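# mind looking at a prediction? Sequence and model below.
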Amino acid sequence: MSIESAPTRPAVPFTKGHGTQNDFVLVPDLDGARGLTDAQVRFLADRRGGIGGDGVIRVVPTRCAEESEVRALADEAEWFMDYRNADGSRAEMCGNGTRVFVAYLLREGLASGPEAAIATRAGVKVARVSEGENGEPSYAVDLGPWRVTHADTVGAQGYDTLVALPGLEPLPGMSLDLGNPHVVIALPDTADLMDLDLTTAPVLNPAPESGANVELVQPLGPGHLQMRVHERGVGETRSCGTGAAAAALALMTWSGAPHDNEVWRVDVPGGTLHVRALPGQRVELAGPAVLVADGVVETPRD
Ligand SMILES: N[C@H](CCC[C@H](N)C(=O)O)C(=O)O
């Protein structure tokens, strides 16, 4: 086969972006004609052979979504954030991803702001952009309703899961649903958060069928915590938006109950996020979003 006749691989435009260093490869699919196979997602997320990211986000018209329950949102939100983990798996929501997604829509003129509604597998989320402290845009996203997953069965502390980490006795954790599943563990003060081994997935008992994102949390003072996260379908990431919300809501719950408009600062390895408990058992996530680069990549056929 001559070089000239070698089959060309589809050239796909992409934008690289991140929210507190939780990074994503965004792929525009503005007419809904370019689905992404799991293999193509894994390729795009691959930090050596591909572009590199914790997740891949396809920007697609809501009316073109594969899932009928997403298409049903088309009247409320024109664009669907098709979020995929680095391993190719689909996830219901991505808090940091919603900010990067809205930043992309605004830059491309696909939304006008300062408010933008986007469709996700966990319903419509509304983002509001404003000027942040450092003059950079800050995005506040209503992540919508949340709940303690086993509120009906857990004891006073809300623990329903034991979490095993290398070098530590199994620790009690609380499961929360933020559209996607989370287990939050409050570490003992004696544990050194940055020393923990998160190179392998924490072992959950019972193991939730859908897997879970696992947040290791240490309070730093009133309304302030630090955390690390091991994400379902990815591994340890430098930030997780829905995870930051889960962590703050868990600490608020453990201290009684979230108060309306109670705000927590969440320090993650990739930066700082703010979580606000909204009335009606909803939660807001605020933080930055950066579009780093644009390019074209030749993806494998499937
Ligand atoms: N990084 C994302 C969470 C992705 C969750 C995904 N790993 C899952 O399978 O739920 C965030 O900022 O909320």
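Great, that's in hand. Note that the coordinates shown come from a computational prediction; the quantities given were computed from them, not determined experimentally. Numbers count the residues shown, from 1 in each chain.
# now do the contacts for the residue nearest in space to the middle of the chain.
Taking Cα atoms, centre = their mean, the centroid of the chain lies closest to C94, which sits 2.7 Å from it. Residues in contact with C94 (Cβ atoms under 8 Å, 6 or more residues apart in numbering) are F24, G55, I57, M81, Y83, T120, N180, G241, T242. Glycine gets a C-beta too; all of them are placed from N, C-alpha and C.
# quick one, phi psi at the first one?
Listed backbone geometry of F24 is phi -140, psi 150, with angles given as degrees, to the nearest 10.
# wait, it sits on V100?
Yes - with contact defined as Cβ atoms under 8 Å, F24 counts as touching V100 (5.6 Å).
# ok now the worst-scoring helix or strand of the chain on mean pLDDT, how far from the chain's centre?
Confidence across the helices and strands of the chain bottoms out at strand 161-164, with a mean of 92, counting by mean pLDDT, DSSP states H and E. Taking the mean of its C-alpha atoms, strand 161-164 sits 22 Å from the chain's own mean (Cα atoms, centre = their mean, to the nearest Å).
# then stretch 151-167?
How far stretch 151-167 lies from its chain's middle: 22 Å, per Cα atoms, centre = their mean.
# do stretch 139-149 as well
With Cα atoms, centre = their mean as the basis, stretch 139-149 stands 12 Å off its chain's centre.
# then stretch 144-161?
For stretch 144-161, the separation from the chain centroid amounts to 21 Å (computed by Cα atoms, centre = their mean).
# and stretch 110-119, by the same measure?
18 Å.
# return the set of buried residues in that stretch.
L110, A111, A116, A117, I118, A119 (16 or more other Cβ atoms under 10 Å).
# now do that stretch: distance from first to last residue.
End-to-end distance for stretch 110-119: 14 Å, by Cα to Cα, to the nearest Å.
# hmm, who's touching that stretch?
Here stretch 110-119 makes contact (Cβ under 8 Å, 6+ apart) with 30, 59, 62, 65, 70, 73-74, 76-81, 98, 101-102, 104-106, 124-130.
# quick one: strands adjacent to the helix or strand where V184 lies?
Element membership of V184 [criterion: DSSP states H and E] is strand 181-186. Within its sheet, strand 181-186 is paired with strand 171-177 (antiparallel), strand 213-221 (parallel), according to DSSP bridges.
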